[in-house]
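[1] Let me see the structure of the following:
(one chain, ligands or ions: 1)
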Amino acid sequence: MMQVDHPRMANAIRALSMDAVEKAKSGHPGLPMGCADLATVLFTQFLKFDAAKPDWPDRDRFVLSAGHGSMLLYSLLYLTGNAEMTLDQIKHFRQVDSLTPGHPENFRTKGVETTTGPLGQGIATSIGMALAEKMLAAEFGKKIVDHHTYVLCSDGDLMEGVSQEAISLAGHWRLNKLIVLYDSNGISIDGPTSLADSVDQVKRFKSAGWAAELIDGQDQKAVAAAILRAQKSNKPSLIACKTTIGYGAPHKAGTNKAHGEALGADELKAAKEKLGISLEPFSVPDDVLKAWREAGARGAAARKEWEQRYTELGPRKRAEFERRLRHERPASLAKALRDHKKKLLESPLNVATRKSSEAAIDAIAAAMPMEFLAGSADLTGSNNNKAKNAVEFAAKKPKGRFIHYGVREHGMAACMNGIFLHGGFAPNGATFLVFTDYARPAMRLAALMGTGVVYVMTHDSIGLGEDGPTHQPIEHLSSLRAMPNMRVFRPCDAVETAECWELALNRVTGPTVLALTRQDLPQLRNNVPAENPCSHGAYELVGAQGDARVSLFASGSEVEVAVAAQKQLAERGIATRVVSVPSLELLLEQPEARQKAVIGNAPVKLAIEAAARWGWDAVIGHDGLFIGMHGFGESGPAKDLFKHFGITAEAAVNAVLKRI
Ligand SMILES: Cc1ncc(C[n+]2csc(CCOP(=O)(O)OP(=O)(O)O)c2C)c(N)n1
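    Presented below is the predicted three-dimensional model:
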């Protein structure tokens, strides 16, 4: 490899980052300038990757958790020779349609492993990647799966609460191939971090079971030595790197002025002069670029050796490995669910949908035992998402496929993103629906990135009863339905639950919430059509005799209420139909003709859902009738609560009679 001074290599990152931010008149030069040294060491000496094949399965993962420092990553992609990351892209930093958006987006830019920007998410997602590596290595062998997950995080990442959840899990699981470089520059937006923080991060990580040390992050030899130590550790490693934000900027370095705005022409010029960089914008000396390109090709040999070993794996194992990485479901899944649904028709299950879900999971896990990766945030017995035969995962049991996440909903959701992005597994995680609030930032990133994860969210309404209003979700269904690319299913019985599970698992371009009841429900469906009716969001469950004067719409547990109301209205000679709406937003995504056909034109439209009305007007109209919740719930037995809040068949009948 050709020899170019380390400072000149690092300065190429600084130059591109300063220039790109200056041209965009927006961005964050401070982090790339401060971290250029440690990133140069990592990318030229340690990171196993081949710039020509950024998706090589056994590459090391690099997560820039401090996504605001995106120019660091874009500079590295360009310098190492990522084909799509041209200098032109760097010049279009933060512009519409560029591959260089403000914060790194994995679905836009090859070589970006995950979307970061909301601080804390990157480090939390990375534990899922490291976990998936550990599990997949145990299954397919170290010859095929053997890579590190490196993270670069900032002060802000470590201030965010989700980092604690992630750190605790990584330590407990002994994810020793997870190596976090912490850009400890002591500066955040408001000023020195001492304004709001006095945590000893090394002690913090050590207490969570990590190897942790503090080094000079501007000293290339110290960084290299620390990474070497980390690679040998039997614990996850924190390398706290003391750095100077905006390193090289004569007046702004070491201050919050270097954090999040262009340096300005004078400071930029002075910084370049001080660092010995050409004043010509976006220029990288030929020998420096060549050395960087060599670093980018450094992993090609390792990649080719891996390909050889991979060939030796044999066609069956290879096909399985590839199918798993593609997130393609095994053919046996469809059959398993078909058989399960047939069984339901023969012997109906009149149980809570969380229990129906458990029955579906048993069928699913039998069809995909190694990739169906469930877990719960300490509510396993309530969420019912542990398959009968599932083995619990532990640091020393990497083939276990049920994860006890502890009381860490946010960490769980972020971890699931990392597992999915790594590839090889279909992760699902469980808690109470109301606690999606605790997981929401990671759920939003899942929707944005399009990770096909499943949230098993039980206790989905006042139907959970005695735990009261703190535990009873009201606005959650509406708010999750409002999130782009989030699918929400609220099945009404055991058959719909199986159908929704099937749709959830086959949805690999975005996340799915399964909202499930605590209370028992009758099985309403006695047919299983070839085309999954839930796939259109809604369908007519009970038809009217003659032209319908009333359409009743309901989801989940309230479909039972609607069916009872329909019977009473029909007895009074009022032609009424019932539409089951397992997914309101999916119904609203259907072509107009189908929506019209399902919604129908009965003069009276009534929706019943034990939750907020938001969203239902699109079906029932502004003047439609709604029976549901208008405020928080209350503690009491479920049956009493439905009466108390007027969510009953009688109330529905009365509302219709008043209107008709
Ligand atoms: C969850 C979240 N809250 C707030 C922000 C806005 N923000 C961006 S960077 C930053 C803090 C910057 O400090 P630090 O993490 O130390 O980065 P550095 O200044 O060293 O680049 C904040 C608050 C964010 N991106 N994410």
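
[2] Which single residue of this protein ends up nearest the ligand?
    Nearest to the ligand, among the residues of the chain, is Gly156, at 2.6 Å (C-beta to the nearest ligand atom). Every residue, glycine included, has its C-beta placed from N, CA and C.

[3] Now Ala649: closest residue in space, sequence neighbours ignored.
    Sequence neighbours aside, Ala564 is the residue nearest to Ala649 in space, at 3.7 Å (criterion: C-beta to C-beta, 6 or more residues apart in numbering).

[4] packing partners for the helix or strand encompassing Ser479?
    Assigned by DSSP states H and E, Ser479 belongs to helix 476-481. The contact analysis (3 or more C-beta pairs under 8 Å, 6 or more residues apart in numbering; DSSP states H and E) places helix 476-481 against helix 436-449, strand 487-489, helix 584-587.

[5] Distance to Trp173, mean neighbour count and mean pLDDT added to the ones you listed, as a markdown table?
    Listed next are those as a markdown table, based on distance: least, C-beta to C-beta, whole Å; neighbours: other C-beta atoms under 10 Å; pLDDT from 0 to 100:
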| stretch | distance to Trp173 | mean neighbour count | mean pLDDT |
| --- | --- | --- | --- |
| helix 436-449 | 18 | 22 | 98 |
| strand 487-489 | 29 | 27 | 99 |
| helix 584-587 | 35 | 21 | 98 |
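
[6] Need the ones you listed in a markdown table (columns: distance to the ligand).
    Output for the helices and strands packed on helix 476-481, formatted as a markdown table (distance: least, C-beta to the nearest ligand atom, whole Å):
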| stretch | distance to the ligand |
| --- | --- |
| helix 436-449 | 7 |
| strand 487-489 | 24 |
| helix 584-587 | 26 |
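
[7] so where do the helices sit in the stretch 301-450 of the chain?
    With DSSP state H, counting those that start in this stretch as the criterion, the stretch 301-450 of the chain has helices at 315-325, 331-346, 353-367, 380-383, 409-422, 436-449.

[8] Flag every residue of this protein that's near the ligand.
    Neighbours of the ligand within the chain, by C-beta under 6 Å from any ligand atom: 28, 30-31, 66, 68-69, 117-119, 154-156, 160, 183, 185, 187-189, 245, 259.

[9] Mark which of those residues are buried, thanks.
    Buried subset of the residues of the chain next to the ligand (neighbour count, 16 or more other C-beta atoms under 10 Å): 28, 30-31, 66, 68-69, 117-119, 154-156, 160, 183, 185, 187-188, 245, 259.

[10] Let's see which of those end up in helices.
    If you go by DSSP state H, those have Gly30, Leu31, Asp155, Gly156 in helices.

[11] And the pLDDT at Leu503?
    For Leu503, the pLDDT comes out at 98.

[12] Look up phi and psi at it.
    Per-residue torsions, Leu503: phi -70, psi -40 (degrees, to the nearest 10).

[13] Please tell me how far it sits from Ala297.
    Using C-beta to C-beta, to the nearest Å, Leu503 is found at 43 Å from Ala297.

[14] and if you look at Arg518?
    Per C-beta to C-beta, Arg518 is found 57 Å from Ala297.
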